[in-house]
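**Q** Quick one: sequence and predicted model below, then my questions.
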Amino acid sequence: MTLTYGKAFATEVFQLSRIRRHTLPRRPARIAAIAGTAVLAAALTACGGGDSSSSDAKSDLKAQKKTEISVNLTGQQAKAGEPVKVTLADGRLQTVTVTDAKGGRLDGKLSADGKSWTSLRTAAPGTSYSVEAKDDKGGSAKTGFATAAPDKVNKLTLAPGKDTTVGVGQPLSIVFDHPVKNKNKAEVEKQLKVTTSNNTEGSWGWMEDYSGKSRVDWRPKDYWKPGTKVTLEANLNGVDSGPSGGWFTKDYKTGFTVGKNQLVKIDLDSHHLKLYRDGELVKDIPMSAGTPGGDKASWRGKTVLMAKEGTINMNSETVGLGSSYNKMVDYSMRLTWSGMYAHAAPWNASYFGSANKSSGCIGMSDANAKFVYDSVQVGDPFEITGDDAKGTQAVNNGYGEWNLTYDAWKAKSALSGTGTGTGNTGTTGNTGTTGTTGN
């Protein structure tokens, strides 16, 4: 800036010298430059009036004052999981932009006095950030920092799948690759945003998945209304799940639509399955469920159709029932992780509508099983009642959250202040490995 002013001054002096017919003495370059700035102010004074030009010069010098900011995170090994805070030494901040190397941006909020800005999300691990701040005087400042790489990364699996259409009982379900510690669950849950097209009320609830992993589900207060559109934004990048879980290093997003209003009711004591649509009975089907009085009995309770698996191999050894059967089974519809299905079971035809003689599943004729299979959607509720059961399906054995009252379910949220978010309080737990119960 000084050299530019010196040049401008030389031009001005040359013009003035032609009028006044005298020349300036030669000076060393450094001295001339300094004198140039000072004389420029004088020249402007002569042309425009002493007071105003002096004021302008002072303002000009003030505008050139360097904008100075400080950032709480510095260096190449800054601590991740902290909000970025930018503080201005003098004046008021107008804008602050914090971006990563991939173009991602951290939004933030200015303080009331304009002296500082704090990001709404935390800095992610293993990430380089650029910071630019602009103040109310038109000045700007830039800096940058990088966070330390994570020792361990946590990932997750979402259900249902993106852009799917599901039944009215389908919850949102997240299973984590690594454990989420109790003290970290609240922070994780804060970053899970559910948006619905009709402001559906619901809550998150924590549990240990049947696989033994950390899991959190979002269940509406009542069954979904058909046509509801649901979006989940899991803004987890930069969130810590605890020492044994590690850091999340990305965000996730999924969404689904609620389809037809369908419900399957199974009465273990009357040996009938009834399919309802929009509250109207569509079909009444005789069936045979699990043999009562032991491990082969069926579970009762409100469950949800997890998957339509078609023709699969069912082996009793996978669920600890010995080698009593090993066969291919058609029109298989999974209801629990422990292996309870609804499916075709023509070998039990003599018991349909009269007795429960299967190894735990809901068996029907080929034709009736095909009709149900073709009619139902993943996420349709199956409400199973009757005394011929071995207990109530646990919350984590498939989607058993509907067996809790809504208040009991809300208490499993890490943000409720009343629960730890683990366990299956209020339900009878069931054991076994993921597999097929069989016929």
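**A** Perfect, I can see it now.
**Q** Please make it C-alpha for all contacts and neighbour counts, starting now.
**A** Fine.
**Q** From Gly363, how far off is the closest residue to Asp269 other than its chain neighbours?
**A** In space, and not counting its chain neighbours, Asp269 is closest to Gly386: 5.2 Å by Cα to Cα, 6 or more residues apart in numbering. Look at Gly386 and Gly363: by Cα to Cα, to the nearest Å, they are 16 Å apart.
**Q** Which one's more surrounded, these two?
**A** Just comparing Gly386 and Gly363: by other Cα atoms under 10 Å the higher neighbour count belongs to Gly363, 33 against 15.
**Q** Just grab the bridge partners of that one for me.
**A** Legend: beta-bridge partners of Gly363 under DSSP bridges are Ser288, His343.
**Q** cool, Lys283 as well?
**A** Leu275.
**Q** Verify the stated contact: it with Ile266.
**A** No - the criterion here is Cα atoms under 8 Å, and Lys283 misses it with Ile266 at 11.9 Å.
**Q** where do the contact lists of the two overlap?
**A** Residues touching both Lys283 and Ile266 (Cα atoms under 8 Å, 6 or more residues apart in numbering): Lys274.
**Q** So which of the two has more stuff around it?
**A** Ile266 (25 against 14).
**Q** Show me where this protein has its helices.
**A** Taking DSSP state H as the criterion, the chain carries its helices at 2-20, 29-48, 50-63, 182-190, 366-375, 406-410.
**Q** ok, the residue nearest in space to the middle of the chain - contacts?
**A** Geometric centre of the chain, nearest residue: Ala234, 1.0 Å, by Cα atoms, centre = their mean. Taking Cα under 8 Å, 6+ apart, we find Ala234 in contact with 191-193, 251-253.
**Q** Break down the stretch 101-250 of the chain into its strands, ranges please.
**A** Ranges of strands within the stretch 101-250 of the chain are 105-106, 108-110, 116-122, 128-135, 140-146, 156-159, 164-166, 172-176, 192-196, 202-208, 214-220, 229-234, based on DSSP state E, counting those that start in this stretch.
**Q** Relative to Gly91, tell me which of the ones you listed wins on proximity.
**A** When the strands of the stretch 101-250 of the chain are compared by Cα to Cα, strand 128-135 sits nearest Gly91, at 6.8 Å.
**Q** Can you tell me the strand partners of that closest one and which way each runs?
**A** Checking strand 128-135 against DSSP bridges gives partners strand 93-100 (antiparallel), strand 140-146 (antiparallel).
**Q** Lowest average confidence across the helices of the chain, which one?
**A** The stretch with the lowest mean pLDDT among the helices of the chain is helix 29-48, at a mean of 29.
**Q** in this structure, which helix or strand is least confident?
**A** Across the helices and strands of the chain, mean confidence by mean pLDDT, DSSP states H and E is lowest for helix 29-48: a mean of 29.
**Q** Give the full set of residues in contact with the closest residue to His272 other than its chain neighbours.
**A** Counting by Cα to Cα, 6+ apart, His272 lies nearest to Pro286, which is 4.5 Å off, once chain neighbours are set aside. By Cα under 8 Å, 6+ apart, Pro286 lies in contact with 271-273, 352-353, 364.
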